[in-house]
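1. Build me a structure from this.
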Amino acid sequence: MKSSCFDSFVAIDWSGAKGKKHKGIAVAEARRGPGAPCLIRPGHVWSRTEVLAWLLEQADREPTLFGFDFSFAPPFVERGSYLPGEPDLPTEARSFWAYVDSHCLDEDLGAASFLEQRHRRHFYFGIADGLKSDFTHFRQCDAALNRQAGRKTASAYDAIGAAQVAKASFAGMRLLNRLSGKVAIWPFDNLPHAASAVVEIYTRIYLQRAGMSGKKIRAFNDLNKALSGLDSDPLTVPFIPTDHQTDALVTAAGMRALVADPVLGPVAFSPAALTRHIARTEGWTFGVL
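-> Residues are numbered from 1 along each chain as shown. Alright, predicted model coming up:
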């Protein structure tokens, strides 16, 4: 893929929280070229369904690469099942998204009931569940990233604490089910030529490439340092950002820089470890090369 294939790069800091509106969602866009990224609807408190509607409109407007920071599927390759021991479960991600979506009663694409009630035994909510290590299974791309970064990513089955990704990921799978067939979702779909696509993102990848420590950014000057490390112009109007906003802004710039990179860009969508089986079942995080 060439950077010219996309006119816009959008990063969405997602949320799996209960309710209709979510302060944890932030949407940022970086246009092709070196211009500073910007927040979409700054000050607005997004719902997940609003993000879905906005994405579909934007995807039709111009070729855009959208990134979401949740796991697009639970681990499958490690144990041969998304939820071992459960009967009649799908064995490919697209069908599993539909399964999750059809078994959630939550508002605004939430998925808490799926974790807390329908499949409770597969998720870690605290010490009453036993050893946390018994729940921390990983996808192949997570394992690859852990080897590269020397630090464990969160498991899709870990549902407790500020760093947990389970609730956001399963809510995200409901979103992916609504997008399926409307916008290409990589690597489950082939990338279309000169059209929009959706990928999974992980902010720490771009913070590290920017020369930052990989920790959350909450200061305007640190945000501009990260943008500079990603070949982006700085933001010129100071403000006090939240870590959700900085995650989205840095990642939008980072996605743009990765696709434009003459060495890494050509392999960003075809990492060596991504097999057809992994692509159908677990997916891959864009930027894990």
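2. which one is Leu258 nearest to, not counting chain neighbours?
-> Spatial nearest neighbour of Leu258, chain neighbours left out: Ala268 (5.4 Å); criterion: C-beta to C-beta, 6 or more residues apart in numbering. Glycine gets a C-beta too; all of them are placed from N, C-alpha and C.
3. which ones are touching that neighbour?
-> Contacts for Ala268 were tallied using C-beta atoms under 8 Å, 6 or more residues apart in numbering; they are Met1, Leu258, Val259, Asp261, Phe286, Gly287, Leu289.
4. Look up how far Val199 lies from it.
-> Counting by C-beta to C-beta, to the nearest Å, the separation of Ala268 from Val199 is 9 Å.
5. Need the residues touching each of those two.
-> In the contact map built from C-beta under 8 Å, 6+ apart, the residues linked to both Ala268 and Val199 are Phe286.
6. returning to that earlier point: quick one: pLDDT of the residue nearest to Leu258?
-> The predicted local confidence for Ala268 comes out at a pLDDT of 94.
7. With Lys152 instead?
-> Residue-level confidence at Lys152 comes out at 66, pLDDT.
8. Assign Val10 to helix, strand or coil.
-> Three-state call for Val10 (DSSP: H, G, I helix; E, B strand; the rest coil): strand.
9. Double-check Arg174 against Ser102; I have them as touching.
-> No. Using C-beta atoms under 8 Å as the test, Arg174 is too far from Ser102 to be in contact (9.4 Å).
10. if you count what's nearby, which of the two comes out ahead?
-> Neighbours around Arg174 and Ser102, counted as other C-beta atoms under 10 Å, are more numerous at Arg174. The numbers are 24 against 9.
11. Show the subsequent helix or strand relative to the helix or strand harbouring that one.
-> Applying DSSP states H and E as the criterion places Arg174 in helix 166-179. Tracing the chain past helix 166-179, the next element assigned as helix or strand by DSSP H and E is strand 184-185.
12. Quick check: which helices or strands does the following helix or strand past that next one pack against?
-> Following strand 184-185 in sequence order, the next helix or strand is strand 197-200 (DSSP H and E). Taking 3 or more C-beta pairs under 8 Å, 6 or more residues apart in numbering; DSSP states H and E as contact, the helices and strands that strand 197-200 lies on are strand 64-68, strand 184-185.
13. Would you mind getting the angle between the longest one and helix 166-179?
-> Going back to what we said before, that points to strand 64-68. Angle between the axes of strand 64-68 and helix 166-179 is 150 degrees (criterion: axes from the mean of the first three to the mean of the last three C-alpha atoms, to 10 degrees).
14. which regions of the stretch 101-250 of the chain sit below the pLDDT cut-off?
-> In the predicted model of the stretch 101-250 of the chain, residues 149-152, 162, 214 satisfy pLDDT under 70.
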